[in-house]
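J.: The sequence and its predicted three-dimensional model are supplied below.
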Amino acid sequence: MPNIRDMPIKQKVTAIAMAVTAAALLLSGVGYVAADSILFRTSMERDISALAQIVADNSTAALAFLDPNAAMQTLASLKAREHLVAACLYRPAGNIFAQYVRPGGPTRCPAVGLRDETRFTGTDLRVQRPIVLANRRIGTLVLLYSQEEIAARIRLYGATVFGLLLLAGLVAYLLSARLSAVISRPVSQLAQATTSVSETGDYTIRAQRSSGDELGVLADGFNEMLARIERQDAELRNALLAEQVALEEARTARDSLATTLTSIGDAVISTDAKGRVVFANPVAQVLLRLPEAEIVGRDLGDVFRVVNEFTREPVDSPVDKVLREGQIVALANHSILIAGDGTEIPIDDSGAPIRGDDGSVQGTVLVFRDVTVRRRADETRRMLASLVESTEDAIVGSDLNGRINSWNRGAQRMYGYTAEEVVGKPLGILSSPDVVSESLLLLERVKEGESIVQYQTVRQTKQGKRLHVSLTVSPVYDALGRIIGGSAIARDITEQVRFAERLAQLNADLQRSNQRLARTNQDLERFAFIASHDLQEPLRMITAYSQLLIKSYPGEFPAEAKSFVGNIMDGTKRMSDLLTDLRAYTELQAPEDPPVEFVDLNTVVEAVLHDLQPSIAENRAVVTADSLPAIRVHRAHVNSLFQNLISNAIKYHGEDPPRIHISAQQSDGELRFIVTDNGMGIDPAYHRKIFEVFKRLHGKQIPGTGVGLAICQRVAERYGGRIWVESAAGQGATFLFTLPQAASRSVGGTA
């Protein structure tokens, strides 16, 4: 592919137009697609988070009343969201309560995370929200939303941008190919004339003028130059002598002028009548990044290269125009000087002719300066003005007398006044009647140089509406650092104030409800304690008098009466055991100081096995345990937990003697304990019901109160853990529960 510098000018113009058009359209399209993707991703995250909160709130009743059908109906409403992958409701223990899975989606719900969050995974948006009732977490909602919707949107917008790029490129090519001839044809004609003059030395040849633009002017200048060369060729001898005299005079004048121009702050370059540099002051040398030796004597266009900042097209040298027109000229705006080392410097400049005694132009002087600092200041002022006008906050400026002197659109939207209505008026027109003097007091503080941040007060609109606003007031300084006024940024916080007041009222209501609930729980606990304590005495009396009746009158009661008395004693014993377990279950709910010592679970298991030794021996049970850790708990709690699990495993044995094993392992940042037996097993339909109070699967066939597993569940949950069972009928059972991971040592196993 040929270098673009060597292309014909027609192809060069077409190529440049195509490149600029393609680059602009491509950058615009990519930026648009990227911005839309980011905004849509943010919008989708906010939308799905709100949807998750709504579903969580609507599922409270279903979880509270353990109604999976109502929960499924709530989740089924999500099928309208095409890209929703799965919606799952979990109980506090982490087991699934209800779920909705999109057809073709995953076959099961994801595991519950350790914290509630909204985050993007590799392919999905995952939202986890708590389900809370009466300030207590009763479940968890997890939503999975596919990111395919984002990908589809990107593909659609990308295809649209690509299509527009192709269409715009085709139109640009057709237009540039046709219009480039307007520039290339006169240039080609001028090039042909130049070649002919160069090859033949015939200065009578003239270039054809085909337009009235710069190319036409260039053709006229070329023709005039040929005519001048022709004349000068005949007068060369006389001209050389006159030129030597003129150069000597110019050298003397230059030395005098150089002394003056060296000390000024602007860059100065002077040329002769042919555009060759004859002088460059030190400032010009610094801006051109060239020493004087590499500037003087060269054509100005070689050292003073200027392009348009936006089009990058070369800018006509002002010196050429001065020499041609004999008038003072200046560069257009947005001119960039390309220094000798490639540095780009924004400049403005002017050129003026140097005239002889006869008024003829003998050269030019070019004065230019670096305007980088000035442009940056202008850009900063424009940016600040744009920010002030575009912000939603009200920005109001005033003088030290409290008179409004600036008013942005945000202030007009907030207060209802136009700038014409308030500029020159006192700040007091914005104050509520009860705080009229407040603005002047704030202004007094500003006069002392104080900045006031987030000052909350009340303002009044043109229509008389009261607004709660947050003010940030700062002093305004002039160029000498003197305070000449104040600037106030006001943000409408009326809704936030109302929300805070409503939130405070709701918190007060909630606190009163919690107090009533606490009193109710205390009353219930007190009743359970008193009932279990006071009923024990009548039961002991019934048992004692029944035994006394049989012993006092031996032989006087038939066998059937003895059986009746035995039933009375069995009933009172079962009633006593039930009251004891009920009291233990109730005490677990009562508040208690946190444990301060580590409890070695190996010693706990040993103590439990010692207490259960008669039952173990009677059933020929074998109980083994791995090394268990020491954790920070109350000994009585874990003692009750292990005793209920081991005694149940012994009671509910199968045909073979009971074999029970206890182990522990670390899992997901917590300690998991496993109690496995070879007993009669539990049908999966009853896995959750067995943890309910007084729930028994075998009636009176096997003794028990139905409270033991409920106590185990309450112990696990008291320490932030959970308990569950894995079993099937006739295949033994494995009870698993978790406790805080606080292991400090390991002790040998127990058998």
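T.: Sure thing, it's come through.

J.: what bits of the stretch 651-751 of the chain have low per-residue confidence?
T.: 693-707, 741-751 (pLDDT under 70).

J.: can you give me the strands in it?
T.: In the stretch 651-751 of the chain, the segments counted as strands under DSSP state E, counting those that start in this stretch are 659-667, 670-677, 723-727, 733-740.

J.: what lines up beside the first one in the sheet?
T.: Yep, that's strand 659-667 we're talking about. Within its sheet, strand 659-667 is paired with strand 622-625 (parallel), strand 670-677 (antiparallel), according to DSSP bridges.

J.: what angle sits between the longest one and strand 723-727?
T.: I take that to be strand 670-677. For the pair strand 670-677 and strand 723-727, the angle between their directions (axes from the mean of the first three to the mean of the last three Cα atoms, to 10 degrees) equals 40 degrees.

J.: Report the buried residues of strand 670-677.
T.: Buried residues in strand 670-677, defined by neighbour count with 16 or more other Cβ atoms under 10 Å: E670, L671, R672, F673, V675, T676, D677. (C-beta placed from N, C-alpha, C; glycine too.)

J.: of all those, which two lie farthest apart?
T.: Spatially, the most separated pair among those is E670 and D677, at 23.0 Å (Cβ to Cβ).

J.: Let's test this: name the helix or strand in the protein with the lowest mean pLDDT.
T.: helix 559-587 (a mean of 61; mean pLDDT, DSSP states H and E).

J.: Mind listing residues that contact the next helix or strand after that one?
T.: Note on helix 559-587: by DSSP states H and E, the next helix or strand toward the C-terminus is strand 599-600. Taking contacts as Cβ atoms under 8 Å, 6 or more residues apart in numbering, the residues outside strand 599-600 that touch it are L628, A630, I631, R632, V633, H634, R635, V638, R745, V747.

J.: what lines up beside strand 599-600 in the sheet?
T.: Strand 599-600 has the following sheet partners, assigned by DSSP bridges: strand 630-631 (antiparallel).

J.: chain center to the partner strand, what's the gap?
T.: Centroid separation between strand 630-631 and its chain, computed with Cα atoms, centre = their mean, to the nearest Å, is 41 Å.

J.: what is the orientation angle of the helix or strand harbouring N602 with strand 659-667?
T.: The secondary structure element spanning N602 is helix 601-611 (assigned by DSSP H and E). Note on geometry: by the same axes, to 10 degrees, helix 601-611 and strand 659-667 are set 160 degrees apart in direction.

J.: And helix 601-611, what's buried?
T.: Those buried within helix 601-611 under the rule 16+ other Cβ under 10 Å are L601, N602, V604, V605, V608, L609.

J.: quick one: least confident of these?
T.: pLDDT across those is lowest for V608, at 86.

J.: how much space between it and I616?
T.: Distance, V608 to I616, by Cβ to Cβ, to the nearest Å: 10 Å.

J.: next one: A50
T.: In this structure, A50 lies at 58 Å from I616, with Cβ to Cβ as the measure.

J.: And those two? Which one has more around it.
T.: Here A50 and I616 are compared on neighbour count by other Cβ atoms under 10 Å; more neighbours surround I616, at 20 against 11.

J.: Now do the SS call for the more buried one.
T.: Here I616 is recorded as helix under DSSP: H, G, I helix; E, B strand; the rest coil.

J.: if I pick it, what's in contact with it?
T.: Neighbour list for I616: L609, V623, I650 [criterion: Cβ under 8 Å, 6+ apart].

J.: Tell me the bridge partners for the closest residue to the second one other than its chain neighbours.
T.: Read that as V623. Distances taken as Cβ to Cβ, 6 or more residues apart in numbering put I660 closest to V623, at 4.6 Å, once the chain neighbours are dropped. Each beta-bridge partner of I660 is listed here, defined by DSSP bridges: V623, D677.

J.: Would you mind naming the helix or strand containing F499?
T.: Taking DSSP H and E as the definition, F499 sits inside helix 494-552.

J.: I'd assumed G351 was in contact with Q327.
T.: No: distance between Q327 and G351: 9.3 Å, which falls outside the contact criterion (Cβ atoms under 8 Å).

J.: Show me the common contact partners of these two, please.
T.: When contacts are counted by Cβ under 8 Å, 6+ apart, the set common to Q327 and G351 consists of K321.
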